[in-house]
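Novice: what follows is a protein structure lacking sequence information:
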């Protein structure tokens, strides 16, 4: 199974045989976005075009396979940046046609969850999945990843990764800020500043039980930093980073484990770029263990966007006997997580 | 067997040329559905001509300028097909191919413009003299084509519909993969790599520096 991912700023091509990872080639345009402080869609789309065929070739080289060995193709059809998605979709369809192989247009979010097949084997189901990235923050009930995914909650404003990037920027860290903030936070005290935990009050726990909100937290951090600066004090950026990170991670883990408890599910899958965060990994492992929940998190390198995760989902679809996508499919920037394959 | 394709406008145009003549041609109006349509249309084109993908020996693709997203669909499709089929892939600027085709048809003589609607109140254009591009490709406000010293030149393209008050005598023409295939085989028109001619830079502004 060859997987293609182009939903944001990474051009990813992966090769997978069943649950075995053969190749994971990624070309990133992240440095081109750095001076803009965020991903510029047109720049990302242009970079995907420039990188696509070379990344396919690199994956084949890495996996020691020829394109003629490919049995099927999976490509991210959404959600994501529409212009970026369409480069991958067009490439995937062209490959499928030229090789006379079936093509699956798949959901990026489901692919993030599927990638752990490559590290820890078939997924336990049903499971709760917590999907946290720069564009998404969701809690899902995964009854069967290939056709039965039920959203329980999601962010109502910023995604967790987006909040990390924005706060990192506020603290003067380079883009993308998440990984830099993670490192900086290790030098700070997580309990130094009591930042708010969004949507955890009694009222919100009724109306937004499994939802998240990180916009207020981001503003709260900004106000706190501004107040320090106004008073002429040095901003203790490591403490700010650690306390902010703690607030995000605390809410994520609390709500994910609450979902496990209330749904009577013993397995938690953590996925998406923010799943590479060291504090999230540590806290979820510790608290889940205390609650008797089995956690699975792919290694950090597989958490961020890549083609292998798309191939992993494609392989799972084939295993389940799901039919390929009709040849006239395109991309859907807002593809709902319930649509695993188009 | 040469496969030609162009997706720089709201049309998806595909054609087959066997070295002697065009043996198949299809055009679909797709308005933002290039990715949905292109490979399906290529498949129909080859099926109707009873040609297998493995019989393709070369690909040529229109490089624009045009709508960024549609253009990329054509280019990435051409490049990926070439990779998978182990065949060469060339590009011809869409405006150049249209210029060659317009002269072949006898629509124009030696000195003329080719222009395509670029949206955002602009047109993509180039000027040709004796078959050579002497200006462009550029993106400008449509009235620019009338206010220059050469403002009376004949114009070939699709801009009359978008700007009827400015252009009343445009020779209506659209990008054509068949025309592109003919231009390539005849050796007219500059052949390039399958690389996009965007003309415009991406819209992006750098944020203000953060005070620390």
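Specialist: Nice, thanks for sending it over. Here the structure is a predicted model, which means the values were calculated and not measured.
Novice: now do the strands in the chain.
Specialist: No chain was given, so I picked chain A. A:2-5, A:10-17, A:20-28, A:73-78, A:103-107, A:127-132, A:137-144, A:148-154, A:267-271, A:294-296 (DSSP state E).
Novice: looking at chain B here, not the other one
Specialist: Counting by DSSP E, the strands of chain B are B:2-6, B:11-17, B:22-29, B:58-62, B:89-92, B:111-117, B:123-129, B:132-140, B:155-157, B:171-172, B:191-192.
Novice: burial of residue A:45, as a residue count?
Specialist: Counted with other Cβ atoms under 10 Å in any protein chain shown, residues neighbouring residue A:45 total 23. The C-beta positions use only the backbone N, C-alpha and C, and glycine is treated the same way.
Novice: I'd assumed residue B:71 was in contact with it.
Specialist: No: counting by Cβ atoms under 8 Å, residue A:45 sits too far from residue B:71 to count as a contact (10.2 Å).
Novice: burial count for residue 112?
Specialist: In the absence of a named chain, this looks at chain A. 32.
Novice: wait, chain B
Specialist: 21.
Novice: leaving out chain neighbours, which residue sits closest to residue 62?
Specialist: Unless you meant another one, I'm taking chain A. residue A:23 (3.9 Å; Cβ to Cβ, 6 or more residues apart in numbering or on different chains).
Novice: ah, I was thinking of chain B
Specialist: In space, residue B:62 is closest to residue B:6, 3.3 Å off (Cβ to Cβ, 6+ apart).
Novice: so how far is residue B:91 from that neighbour?
Specialist: 10 Å (Cβ to Cβ, to the nearest Å).
Novice: show me the domain layout of chain A.
Specialist: A:2-114+A:306-319, A:125-298 (automatic domain parsing).
Novice: whoops, chain B was the one
Specialist: Looking at automatic domain parsing, the domains of chain B come to B:2-93+B:175-192, B:95-172.
Novice: what's the neighbour count on the residue of the stretch 201-342 of chain A found nearest chain B?
Specialist: The stretch 201-342 of chain A approaches chain B most closely through residue A:330 (4.1 Å), counting by Cβ to the nearest Cβ. By the criterion of other Cβ under 10 Å, residue A:330 has 21 neighbours.
Novice: that one touches residue A:82, doesn't it?
Specialist: No: contact criterion Cβ under 8 Å: residue A:330 and residue A:82 do not qualify, at 9.1 Å.
Novice: okay, the angle between the longest helix along chain B and strand B:58-62?
Specialist: If you go by DSSP state H, chain B has its longest helix at helix B:68-85. When axes from the mean of the first three to the mean of the last three Cα atoms, to 10 degrees is applied, the directions of helix B:68-85 and strand B:58-62 differ by 170 degrees.
Novice: can you lay out the strands of chain B as TSV showing distance to residue B:75 and mean pLDDT?
Specialist: What follows is these, written out as TSV (distance: least, Cβ to Cβ, whole Å; pLDDT from 0 to 100):
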stretch	distance to residue B:75	mean pLDDT
strand B:2-6	9	98
strand B:11-17	13	98
strand B:22-29	18	97
strand B:58-62	6	98
strand B:89-92	8	98
strand B:111-117	16	97
strand B:123-129	16	97
strand B:132-140	16	96
strand B:155-157	21	96
strand B:171-172	26	95
strand B:191-192	11	97
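Novice: return the residues in contact with the residue sitting nearest the centre point of chain A.
Specialist: Centroid-nearest residue in chain A, with Cα atoms, centre = their mean: residue A:272, separated by 2.4 Å. Counting by Cβ atoms under 8 Å, 6 or more residues apart in numbering or on different chains, residue A:272 touches A:112, A:131-133, A:136, A:161, A:303.
Novice: got it, and residue A:125?
Specialist: Here residue A:125 is in contact with A:142-145, A:267 (criterion: Cβ under 8 Å, 6+ apart).
Novice: check residue B:133 too.
Specialist: Going by Cβ under 8 Å, 6+ apart, residue B:133 touches B:93, B:95-96, B:99, B:126-127, B:190.
Novice: let's go with 6 Å and repeat that
Specialist: Residues near residue B:133 by Cβ atoms under 6 Å, 6 or more residues apart in numbering or on different chains: residue B:126.
Novice: which residues does it bridge with?
Specialist: Beta bridges link residue B:133 to residue B:128 when assigned by DSSP bridges.
Novice: contact distance from chain B - what residues of the stretch 1-150 of chain A qualify?
Specialist: A:35-37, A:40, A:42-43, A:49, A:52-53, A:67, A:83, A:86-87, A:89-91, A:93-95, A:97-99 (Cβ under 6 Å from any Cβ of the partner chain).
Novice: please convert the strands of chain A to CSV, extending it with mean pLDDT and mean neighbour count.
Specialist: Formatted as CSV, these follow (pLDDT from 0 to 100; neighbours: other Cβ atoms under 10 Å in any protein chain shown):
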stretch, mean pLDDT, mean neighbour count
strand A:2-5, 98, 32
strand A:10-17, 98, 27
strand A:20-28, 97, 19
strand A:73-78, 98, 30
strand A:103-107, 98, 28
strand A:127-132, 98, 28
strand A:137-144, 97, 22
strand A:148-154, 97, 17
strand A:267-271, 98, 26
strand A:294-296, 98, 18
